[in-house]
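Asker: Here is my input; please provide its structure:
(4 chains)
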Number of protein chains: 2
Amino acid sequence: MINPTLRQLRYFDALARHGHFGRAAEACSISQPALSMQIKEMEEGLGGTLLERSARQVTLTRLGEELIERVRDILRSVDELGDFARASRDRFAGRLRIGMIPTVAPYLLPRIIGDLTRMHPELDIQVREALTSKLIQELSEGRLDTAIVALPVSEASLTEVALFSEDFLLVRPLEDEGTPVPSREMLREMRLLLLEEGHCFRDQALSFCKMHSSPRELLDASSLSTLVQMVSAGVGVTLIPEMAVQVETRSAAVSVARFRNPQPSRTIGMVWRKTSPLARQLTQISEVVCLSAGKPRGKQTAPPARNHRS
Amino acid sequence: MINPTLRQLRYFDALARHGHFGRAAEACSISQPALSMQIKEMEEGLGGTLLERSARQVTLTRLGEELIERVRDILRSVDELGDFARASRDRFAGRLRIGMIPTVAPYLLPRIIGDLTRMHPELDIQVREALTSKLIQELSEGRLDTAIVALPVSEASLTEVALFSEDFLLVRPLEDEGTPVPSREMLREMRLLLLEEGHCFRDQALSFCKMHSSPRELLDASSLSTLVQMVSAGVGVTLIPEMAVQVETRSAAVSVARFRNPQPSRTIGMVWRKTSPLARQLTQISEVVCLSAGKPRGKQTAPPARNHRS
DNA sequence: TCGAAGCGATAAGATAATCTGATGATAAAT
DNA sequence: ATTTATCATCAGATTATCTTATCGCTTCGA
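Answerer: Purely as a prediction, here's the structure:
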């Protein structure tokens, strides 16, 4: 009964993730036979089969299933040792892996990346853009240090702090300029263009209109940029977060208008694992991000909505 | 920033335990330079000093202090992977590390060791005798699988099951034979011999007599055997658990008597970590031990007390 | 039905990690 | 001042791990 090595645990984790020896080996930067051998030794050491090698795929056995979560806990803990060491020695140095949702990243990133590296030159910032659900998953698995998403996230294992809230503005064809801003009831009768499934901003927009099912047409866009282009082409109207206005309407012939009460809006915040050894630093970083966003925490002082054309 | 290897964590743990490179290396079955090197590499990998090497001793730095508990958690988790694998494959095989208190081990061990190995020949039973506090500590650290102690233990992280309860009998010089059994009030006036500090049986005996401070004399014995010998030599009287009567009074000229109401007694039970992967097996083993002890669970059917002489 | 392609296992030799034994350096104890 | 205890360092030996080449099996398309 030989205990597994950390190396074997890492390989096992990768293999469980990829379900494929070749790709897992590549992810570990080793050759496929090396991985096969280590997995085999781990199985022999434990005295049981971890994976079922069927012809077309590799799946976990019951034993593998029972162990994989524990293995991941172990790997996460080991990775965190380094974080703890760093935290107790040098307050702001080393890798910082930030995740962001796609409806925030392009607009917020340029502002904060400069500020952060200026204030903490030792910080090696790595950014990852993905949908909320994926970010939360990677965060929990210890593959991200923090994520910037729309609140609330409501995961008991995560700490969340609000950064700022941003209103949603109406984007409509240029010829609508000057006509009254529709109420949300009217909006429901118009052709409202949305992001595809999975984007939290889609749900936030739907929620504002009190529409809970998807609208009539299947014209979901994969980015705010596309949405605005579609409006400009006269396909319909859409909502975009205030922060995106300047970038996205610079090169599109559209009219932007602010809603009267109620103002649709959402709160953007930062989340991290409660157990993260970087907690203290992350709190400070959240303050920097807050300032970089150009708004006092939790409030908003938006410039008045204006018209734009190409 | 290189992550530590499991090997380094093991060495670090041993070093933290022993506070001495040479002895820690011996405990790891490696040479002292090998340990020095690995520790150094771990420190370099983490980017901080873990230990302070003063001339006469090795102590943990603040960082080492912060990490050692996490490291031990990791090592325990890794060790348990094997236990899980075994548990899910072969119900009763492999190492089983049992701890027992000294006032139970010599009398219970011979009975159960045979039964257990007969019923589970694949079981490699390792027994460790120590005081309750040490057993509980080792159990929590994952260095024991289970322990047999007097209940209650009241540790939230441990499961406890009662095995049997045993009365305490009075042991007095042979010439007292036939005289009335003293009440516990009378006992307080007699010269009551006890085990040394730390034995739970000492506290149980004191508690029966409603004495909470230690008695007048400092004549604490280190084993029940010694106690009985002292009584036989006329130094005083003592209590011993029923289970020890046969062995300990076989070669001593003493009289053994049972108390009237209230009967002093204690409950012996088995404890293990709630998270132990061997939980199911341990429950079954506790039943075997129960039977081996020769009494139905939770009850007692003792043979009547008799006199013994050398 | 047959050959091609994909995939994991195996083997042999190369490389890297780790260990041992000898020795050095430092500080406390005699 | 000398001895002793203790951890660090070095060179060479040993062990663990990796790579490349290749095998055998299964699936898929012609």
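Asker: Just give the closest residue to A:G236, not the sequence neighbours.
Answerer: A:R191 (3.3 Å; C-beta to C-beta, 6 or more residues apart in numbering or on different chains). (Glycine included, C-beta is placed from N, CA and C.)
Asker: any idea how far the one you found lies from A:L169?
Answerer: Using C-beta to C-beta, to the nearest Å, one gets 17 Å for the distance from A:R191 to A:L169.
Asker: What of A:L282?
Answerer: As defined by C-beta to C-beta, A:L282 lies at a distance of 30 Å from A:L169.
Asker: A:R191 and A:L169: which is more packed in?
Answerer: The residue with more neighbours, out of A:R191 and A:L169, is A:L169; 22 against 16, by other C-beta atoms under 10 Å in any protein chain shown.
Asker: Show the contacting residues for the more buried one.
Answerer: When the contact criterion is C-beta atoms under 8 Å, 6 or more residues apart in numbering or on different chains, the partners of A:L169 are A:239-242, A:245, A:256-259, A:305.
Asker: again, 6 Å this time
Answerer: Contact analysis of A:L169 by C-beta atoms under 6 Å, 6 or more residues apart in numbering or on different chains lists A:242, A:245, A:256, A:258, A:305.
Asker: Burial check on A:S207, number of neighbours?
Answerer: Other residues near A:S207 come to 12 when the count uses other C-beta under 10 Å.
Asker: So for A:R184, what's the nearest residue that isn't a sequence neighbour?
Answerer: Nearest one to A:R184, counting by C-beta to C-beta, 6+ apart, is A:C209 at 5.0 Å.
Asker: That neighbour: how many residues sit nearby?
Answerer: Here the count is done by other C-beta under 10 Å, and A:C209 has 19 residues near it.
Asker: you'd agree it is up against A:M186?
Answerer: No - the criterion here is C-beta atoms under 6 Å, and A:C209 misses it with A:M186 at 9.7 Å.
Asker: Show me where the stretch 151-300 of chain A has its helices.
Answerer: With helices called from DSSP state H, counting those that start in this stretch, the stretch 151-300 of chain A shows them at A:184-189, A:200-208, A:224-232, A:242-248, A:279-292.
Asker: Can you lay out those helices as a markdown table showing distance to DNA strand C and mean pLDDT?
Answerer: Output for these, formatted as a markdown table (distance: least, C-beta to the nearest atom of the strand, whole Å; pLDDT from 0 to 100):
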| stretch | distance to DNA strand C | mean pLDDT |
| --- | --- | --- |
| helix A:184-189 | 48 | 82 |
| helix A:200-208 | 34 | 91 |
| helix A:224-232 | 33 | 94 |
| helix A:242-248 | 40 | 94 |
| helix A:279-292 | 30 | 90 |
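Asker: and A:F164, how far is that from chain B?
Answerer: Noted for A:F164: a distance of 32 Å to chain B, by C-beta to the nearest C-beta, to the nearest Å.
Asker: If you could redo that for A:L109, that was the one I meant.
Answerer: A:L109 sits 24 Å away from chain B when distances are taken as C-beta to the nearest C-beta.
Asker: Give the burial count for the nearest residue to A:T159 once chain neighbours are set aside, as a bare number.
Answerer: Spatially, and ignoring its direct neighbours in sequence, A:T159 is nearest to A:K274 (5.2 Å; C-beta to C-beta, 6+ apart). Close neighbours of A:K274, defined as other C-beta under 10 Å, add up to 11.
Asker: Also A:E175?
Answerer: When counting by other C-beta under 10 Å, one arrives at 10 neighbours for A:E175.
Asker: Give me the pLDDT for the residue nearest to A:R184.
Answerer: According to the model's per-residue confidence, A:C209 sits at a pLDDT of 83.
Asker: what's the single longest helix in chain A?
Answerer: In chain A, with assignment by DSSP state H, the single longest helix is helix A:62-89.
Asker: DNA strand D contacts on chain A?
Answerer: Applying C-beta under 7 Å from any atom of the strand, we find that chain A lies next to DNA strand D at A:5, A:7, A:29-34, A:37-38, A:41, A:55-56.
Asker: one more time with 6 Å, if that's ok
Answerer: A:5, A:7, A:30-31, A:33-34, A:38, A:55-56 (C-beta under 6 Å from any atom of the strand).
Asker: restrict those residues to those near DNA strand C?
Answerer: Within the residues of chain A next to DNA strand D, those near DNA strand C by C-beta under 6 Å from any atom of the strand are A:P33.
Asker: looking at the residues of chain A next to DNA strand D, which has the most residues close by?
Answerer: Of these, A:Q38 is surrounded by the most neighbours, 22 neighbours in total, counting by other C-beta under 10 Å.
Asker: what's the domain layout of chain A?
Answerer: Following automatic domain parsing, chain A resolves into domains at A:6-77, A:86-164+A:268-292, A:167-265.
Asker: Check the spacing between A:G234 and B:P262 real quick.
Answerer: In this view, A:G234 and B:P262 are 95 Å apart by C-beta to C-beta.
Asker: List of residues touching stretch A:195-210?
Answerer: Outside stretch A:195-210, the residues that reach it (C-beta under 6 Å, 6+ apart) are A:103, A:131-132, A:150, A:184, A:187-188, A:194, A:220-222, A:239, A:264, A:266.
Asker: ChimeraX command for the buried members of these?
Answerer: Listed next is the ChimeraX selection for buried residues among those, using 16 or more other C-beta atoms under 10 Å in any protein chain shown:
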select /A:103,131,132,150,187,194,220,221,239,264,266
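Asker: Please, where are all the strands along chain A?
Answerer: Listed in chain order, the strands of chain A (DSSP state E) span A:51-53, A:58-60, A:94-100, A:123-129, A:146-150, A:158-173, A:192-193, A:237-241, A:254-257, A:265-273.
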